[in-house]
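>>> Sequence first, then the predicted structure:
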Amino acid sequence: MYESTDKVTPETQIIPPDSGPQRTENDIALSVSNVYKVFGKRPAEVIKRLKAGKKRDELTALGTAAVIDASFEVKKGEIFVVMGLSGSGKSTLIRTLNGLWAPTEGSVVVGGTDISKISDKELRRVRQQKISMVFQHFALMPHRTVLENAAYALEVQGVAKADRLARAEKVLNLVGLEGWGAKYPSELSGGMQQRVGLARALSAETDILLMDEAFSALDPLIRREMQEQLVLLQSELEKTIIFITHDLNEAMFLGDRIAVMRDGEIVQIGTPDEILTSPANDYVAAFVQDVDRTRVLTAGGVMEPALAVVNLSGGPRNALRTMRDLQVSAAFVVDRRRNYLGTVRDRDVMKQVEAHSSDLNSVIRKSIEPVSPETALNDLFGRAVESPIPLPVVNDAGRLVGALPRVTLLAALGNVPSTTGEFPVVDTAVAPIPKQMVTDALAKTEGDA
Ligand SMILES: Nc1ncnc2c1ncn2[C@@H]1O[C@H](COP(=O)(O)OP(=O)(O)OP(=O)(O)O)[C@@H](O)[C@H]1O
Ligand SMILES: [Mg+2]
């Protein structure tokens with residue numbers, strides 16, 4: 001009934017991970033189309049010459065092209081990071097997003113409204129209700145309490161005092177400043193003052209938050225804490241955040257996607273993984289050279305297809321045959337829907353076969369904790385060292401989506417392409433039972449199911 005197969009059994013085939021929901025128009029929070037911002041005497045002439053192929057350095061006598069032909073869309077709930085060296089145009093770009101600068105050419109659409117086409121009055125309304133901004137140095141008002149500072153945006157919106165203070169109080173709690181409302185800014189540390197700035201932007205309850213080097217003045221540890229808090233806040237409040245930084249590690253930690261700017265142009269837009277593993281040019285490559293890859297790369301980004309996979313319902317004979325064919329001493333066990341169940345060792349399975357048992361379930365081991373695709377590699381090295389077999393990568397739905405052999409982890413660190421596909425299976429630390437022994441055992445028990 002069970003023929004020996006040289007090929008991979010159907011159970012070992014790879015089921016692609018669930019594909020995400022379709023994107024629709026309504027998912028877009030903000031869209032920028034062919035935006036130019038030129039300072040100086042003859043902006044229109046500068047744009048004309050740029051379009052004709054001139055470089056911005058050749059046109060400085062006519063004006064400074066701070067942003068050149070920028071186009072991108074930011075999805076609702078996304079953290080979109082703009083990164084680039086000093087003078088690359090980040091602040092100018094972000095200022096066109098809330099109408100602080102009108103683009104010299106091109107359009108900026110916020111929540112369906114083209115803000116380059118509306119009156120000043122309407123623009124003020126957009127700024128109050130749709131977009132708030134957090135700067136590197138916030139001018140907190142020294143003679144007002146922390147609570148009053150946090151409530152400032154609501155005051156500008158004309159919200160009644162009792163209401164705005166109550167709302168600001170809630171936001172202070174959110175940013176970790178519970179109980180500090182009655183203090184004055186000078187009584188707070190720099191990090192705490194920056195939290196007040198964040199609270200002030202959050203209290204406006206706008207969907208979009210623009211943050212220009214908002215954490216750059218903070219000490220590294222506090223900065224890291226703020227980054228983590230921002231990610232947490234984002235997941236709770238589902239804000240759309242556009243975050244400017246020249247710090248690559250910060251960009252990589254925060255960004256769902258990153259736009260890299262150089263000399264006014266966006267030279268690449270991609271996920272942290274994409275920027276890191278396929279930089280668009282030497283400039284981006286030089287930028288990412290020093291990044292701590294272990295914090296950026298995720299299990300899902302570097303994992304291998306899990307090939308040493310056996311199906312529970314296939315029973316011990318099938319499992320053993322698969323392991324023999326792949327020359328591995330262990331395999332992952334899944335059910336028919338590819339839900340991850342655990343691992344089996346060839347020795348244990350061999351015993352079941354020799355005992356004429358059709359039960360695979362009783363030899364499944366649960367000692368290896370599966371890894372979520374989002375886990376940063378940084379958090380996996382310890383576990384990879386301890387685990388005798390590759391770590392199983394299992395998604396939120398419980399499905400096995402890949403495997404992480406140690407060699408893949410190492411390859412990812414050095415940005416060496418790790419084999420995909422060829423790399424048969426699993427670099428188990430334990431040698432598999434010799435092929436012939438398995439074949440003999442299978443032959444002896446031929447006819448068992
Ligand atoms: N108001 C202005 N008038 C004239 N030139 C300006 C103005 N604002 C910015 N620029 C120029 O535009 C270019 C981009 O500046 P921008 O402030 O956007 O850069 P940045 O990427 O934010 O830099 P940094 O990291 O130093 O903040 C620079 O050459 C700058 O000198
Ligand atoms: Mg700037």
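That came through fine. Ligands and ions are numbered 1, 2, ... in the order given.
>>> Just the buried residues of whichever strand or helix holds residue 127, please?
Using DSSP states H and E, residue 127 sits within helix 120-129. Across helix 120-129, burial judged by 16 or more other Cβ atoms under 10 Å covers 123, 126-128. To be clear about C-beta, it is placed using only N, CA and C from the backbone, and glycine gets the same treatment.
>>> Which positions in the protein make contact with ligand 1?
Neighbours of ligand 1 within the chain, by Cβ under 6 Å from any ligand atom: 39, 64, 66, 84, 86-92, 246.
>>> Can you go through those residues and name the buried ones?
Members of the residues of the chain next to ligand 1 classed as buried by 16+ other Cβ under 10 Å are 64, 66, 84, 88-92, 246.
>>> For ligand 1, what's its nearest residue on the stretch 101-250 of the chain.
residue 246 (5.1 Å; Cβ to the nearest ligand atom).
>>> Wait, that residue touches residue 87, no?
No. Contact between residue 246 and residue 87 fails when scored by Cβ atoms under 8 Å: they sit 10.0 Å apart.
>>> So for those two, which residues contact both of them?
Shared contacts of residue 246 and residue 87 (Cβ atoms under 8 Å, 6 or more residues apart in numbering): none.
>>> just to revisit the earlier point, identify the residues contacting the residue of the stretch 101-250 of the chain closest to ligand 1.
Here residue 246 is in contact with 83-86, 90, 213, 216 (criterion: Cβ under 8 Å, 6+ apart).
>>> For the residues you listed, could you give me CSV that also reports distance to residue 258?
Below are the contacts of residue 246 laid out as CSV (distance: Cβ to Cβ, whole Å):
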residue, distance to residue 258
83, 6
84, 10
85, 14
86, 17
90, 12
213, 15
216, 16
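>>> Spell out, range by range, the strands that occur in the stretch 201-350 of the chain.
208-212, 240-245, 257-262, 265-270, 309-311, 330-334, 340-345 (DSSP state E, counting those that start in this stretch).
>>> Include mean neighbour count and distance to residue 413 when you put those into JSON lines, please.
Below are the strands of the stretch 201-350 of the chain laid out as JSON lines (neighbours: other Cβ atoms under 10 Å; distance: least, Cβ to Cβ, whole Å):
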{"stretch": "strand 208-212", "mean neighbour count": "23", "distance to residue 413": "30"}
{"stretch": "strand 240-245", "mean neighbour count": "25", "distance to residue 413": "23"}
{"stretch": "strand 257-262", "mean neighbour count": "23", "distance to residue 413": "20"}
{"stretch": "strand 265-270", "mean neighbour count": "18", "distance to residue 413": "20"}
{"stretch": "strand 309-311", "mean neighbour count": "25", "distance to residue 413": "26"}
{"stretch": "strand 330-334", "mean neighbour count": "26", "distance to residue 413": "24"}
{"stretch": "strand 340-345", "mean neighbour count": "22", "distance to residue 413": "25"}
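>>> Take those and lay them out in a markdown table including distance to residue 179 and mean pLDDT.
As requested, the strands of the stretch 201-350 of the chain are exported to a markdown table (distance: least, Cβ to Cβ, whole Å; pLDDT from 0 to 100):
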| stretch | distance to residue 179 | mean pLDDT |
| --- | --- | --- |
| strand 208-212 | 24 | 93 |
| strand 240-245 | 26 | 95 |
| strand 257-262 | 36 | 95 |
| strand 265-270 | 41 | 96 |
| strand 309-311 | 53 | 95 |
| strand 330-334 | 49 | 94 |
| strand 340-345 | 45 | 96 |
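>>> Out of the ones you listed, flag the one nearest residue 370.
With Cβ to Cβ, the closest approach to residue 370 among the strands of the stretch 201-350 of the chain belongs to strand 340-345: 5.6 Å.
>>> Show me what that closest one packs onto, helices and strands only.
Here strand 340-345 touches strand 330-334, strand 391-394, going by 3 or more Cβ pairs under 8 Å, 6 or more residues apart in numbering; DSSP states H and E.
>>> between that strand and strand 330-334, how many degrees?
Counting by axes from the mean of the first three to the mean of the last three Cα atoms, to 10 degrees, strand 340-345 lies at 150 degrees to strand 330-334.
>>> number of nearby residues for residue 218?
When counting by other Cβ atoms under 10 Å, one arrives at 19 neighbours for residue 218.
>>> ok, now residue 43?
So residue 43, with other Cβ under 10 Å, has 18 neighbours.
>>> contacting residues for the residue nearest the centre of the chain?
With distances taken as Cα atoms, centre = their mean, residue 256 lies nearest the centre of the chain, 4.1 Å away. Residue 256 is in contact with 75, 78-80, 271, counting by Cβ under 8 Å, 6+ apart.
>>> Reformat the residues you listed as JSON lines; add secondary structure, distance to residue 285 and pLDDT.
Output for the contacts of residue 256, formatted as JSON lines (DSSP: H, G, I helix; E, B strand; the rest coil; distance: Cβ to Cβ, whole Å; pLDDT from 0 to 100):
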{"residue": "75", "secondary structure": "strand", "distance to residue 285": "26", "pLDDT": "95"}
{"residue": "78", "secondary structure": "coil", "distance to residue 285": "25", "pLDDT": "95"}
{"residue": "79", "secondary structure": "strand", "distance to residue 285": "23", "pLDDT": "96"}
{"residue": "80", "secondary structure": "strand", "distance to residue 285": "22", "pLDDT": "97"}
{"residue": "271", "secondary structure": "coil", "distance to residue 285": "16", "pLDDT": "92"}
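>>> which pair in the residues of the chain next to ligand 1 spans the largest distance?
Most distant of the residues of the chain next to ligand 1, by Cβ to Cβ, are 39 and 246, 20.3 Å apart.
>>> Without its sequence neighbours, what residue ends up closest to residue 375?
Using Cβ to Cβ, 6 or more residues apart in numbering and skipping residues adjacent in sequence, the residue nearest residue 375 is residue 299, 4.6 Å away.
>>> List the residues that contact the residue found closest to residue 324 once you drop the neighbours it is linked to in the chain.
Excluding the flanking residues, the one nearest residue 324 by Cβ to Cβ, 6+ apart is residue 438, at 4.1 Å. Applying Cβ under 8 Å, 6+ apart, one finds that residue 438 lies in contact with 320-321, 323-324, 346, 350.
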